[in-house]
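Visitor: Just need the structure, nothing else, for what follows:
(one chain, ligands or ions: 1)
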Amino acid sequence: MKHILVTGAGGYVGCVLVPELLNKGYSVTAVDRFFFGKEKLDAHENLQIVQEDTRRLSAHYFEGIDAVIDLVAISNDPSGELFQDITYDINHYSRVRTARLAKERGVKRYILPSSCSIYGFQGSTKRVTEEDSTNPLTTYAKANERAEQDILPLADEAFTAVVVRQATLYGKSKRMRFDLAVNGMVYGAWKNNKIPLMRDGTQWRPMLHVQDTVDLMCLLLEEDSHKINGEIFNAGSESGNYQLERLADEIADTFPEDIDIQWYGHPDHRSYRVSFEKVKTILGWEAKWTAADGAMEIYQALQANELRKDLDTITLDWYKELMKWHDILRGMDWDGSLFDIEKEEVPLKI
Ligand SMILES: NC(=O)c1ccc[n+]([C@@H]2O[C@H](COP(=O)([O-])OP(=O)(O)OC[C@H]3O[C@@H](n4cnc5c(N)ncnc54)[C@H](O)[C@@H]3O)[C@@H](O)[C@H]2O)c1
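Guide: Coordinates of the predicted model:
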């Protein structure tokens, strides 16, 4: 594998994945609308930036590509509920389109970064495996499931297709997300000595460091096809399966000060405890980071002023802000410009 096309490359995962791929000697074509800014990916001689919408990405971008990692998405439940049709369009339609185009153009491998959120609500504390029934509750989760269902059948001898159902991620990225559980909890504890916790705290959720998911994707690029082709892998770790109240306690313990819980929201109906045996048994892969390590990493970055909670670190708030300014600017736009206008010159002196 030499040349990798990454969609959603300017996002939270992409901003960790792309530099890692470049470090490993790959060439990368990074495709994104760059809703969170283009400047987050540093220039590199082996990096080609393509600012484009994946729903209309031209087939020629797949020429000479060895593998695709299709990160693109409206990437969380609240944004998915606000933009339901768009979420299906991007997270389902565009990813199936990309996988088909990739296959047609002779790309050998395609990785779909899906989500454990497709397990939705599991009535028992049994760890759900890749073979168990899914129960997607949200538009975001349903779109992921549809993408999996339409993409995996494309797998054949010439085209390796593999799904990674990622746990909820945490950790540092240049496109930072404080709307992810661990990251948001650490920020609250650091800023106000209060950990935000969605009611009622008993819900199960698996957690995984962003560097771990990036390592797994790199492994999948090089792994023997027969081990992964047409397969789904849950990505996370047994020790990363948390009830959120216990996660909050663990994060509070990493702080020297007394930290309180700040409850918010209605009781969360999503709850799933996940088995990560398959990825360990078949690929020998295990997550290296713990939530406590990740909390410390973010705490130190906040202390060093390397991370800030700007509006664009909360995905939903940022998309709403972009929509607001898009409307405002459209109303002010004259002849495609804010200040310059085409005018009929009238001499001021007669
Ligand atoms: N972060 C997590 O906890 C987590 C967990 C499980 C799965 N995932 C999945 O991993 C992937 C990456 O997530 P993330 O956290 O990096 O999300 P993100 O929101 O940070 O990144 C998504 C990127 O896609 C881009 N984008 C959106 N629509 C586009 C379009 N139509 N055309 C081109 N670019 C477009 C955005 O500009 C953004 O840079 C997503 O598929 C997400 O569902 C993430």
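
Visitor: Checking the residue in the chain positioned nearest to the ligand next. Helix, strand or coil?
Guide: Per Cβ to the nearest ligand atom, residue 11 is where the chain lies closest to the ligand, at 2.0 Å. Heads up, the C-betas are built off the backbone N, CA and C, glycines and all. Using DSSP: H, G, I helix; E, B strand; the rest coil, the structure places residue 11 in coil.

Visitor: Just to check, it is in contact with residue 70?
Guide: No - in this structure, residue 11 is not within contact of residue 70 by Cβ atoms under 8 Å, at 11.7 Å.

Visitor: So what's the gap between stretch 271-287 and the chain middle?
Guide: Relative to the chain's own centre, stretch 271-287 is displaced by 19 Å; criterion: Cα atoms, centre = their mean, to the nearest Å.

Visitor: quick one: that stretch near the ligand?
Guide: No - using Cβ under 6 Å from any ligand atom, stretch 271-287 stays clear of the ligand, coming no nearer than 11.6 Å.

Visitor: buried stuff in that stretch?
Guide: Across stretch 271-287, burial judged by 16 or more other Cβ atoms under 10 Å covers 271-276, 278-279, 283, 285, 287.

Visitor: Which members of the residues you listed occur in helices, if any?
Guide: Judged by DSSP state H, the buried residues of stretch 271-287 include 278-279, 283 as members of helices.

Visitor: Nearest to residue 37 among those?
Guide: Nearest to residue 37 among those, counting by Cβ to Cβ, is residue 279 at 32.5 Å.

Visitor: Would you agree the closest one is in contact with residue 234?
Guide: Yes - counting by Cβ under 8 Å, residue 279 touches residue 234, with 6.4 Å between them.

Visitor: coming back round to it: using TSV, please lay out the ones in helices among the buried residues of stretch 271-287 together with pLDDT.
Guide: Output for those, formatted as TSV (pLDDT from 0 to 100):
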residue	pLDDT
278	98
279	98
283	98
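
Visitor: Now do stretch 235-245, average pLDDT.
Guide: In this model, stretch 235-245 has an average pLDDT of 96.

Visitor: Pull out the buried residues from it.
Guide: Under 16+ other Cβ under 10 Å, the buried positions of stretch 235-245 are 235-237, 240-244.

Visitor: So which of those residues sit within strands?
Guide: Judged by DSSP state E, strands contain the following of these: 235, 241-243.

Visitor: just to revisit the earlier point, any chance of the ones in helices among the buried residues of stretch 271-287 in a markdown table, plus distance to residue 134?
Guide: Output for these, formatted as a markdown table (distance: Cβ to Cβ, whole Å):
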| residue | distance to residue 134 |
| --- | --- |
| 278 | 15 |
| 279 | 17 |
| 283 | 21 |
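
Visitor: what's the neighbour count on residue 23?
Guide: By the criterion of other Cβ atoms under 10 Å, residue 23 has 10 neighbours.

Visitor: for residue 256, same thing?
Guide: For residue 256, the count of nearby residues is 6 (other Cβ under 10 Å).
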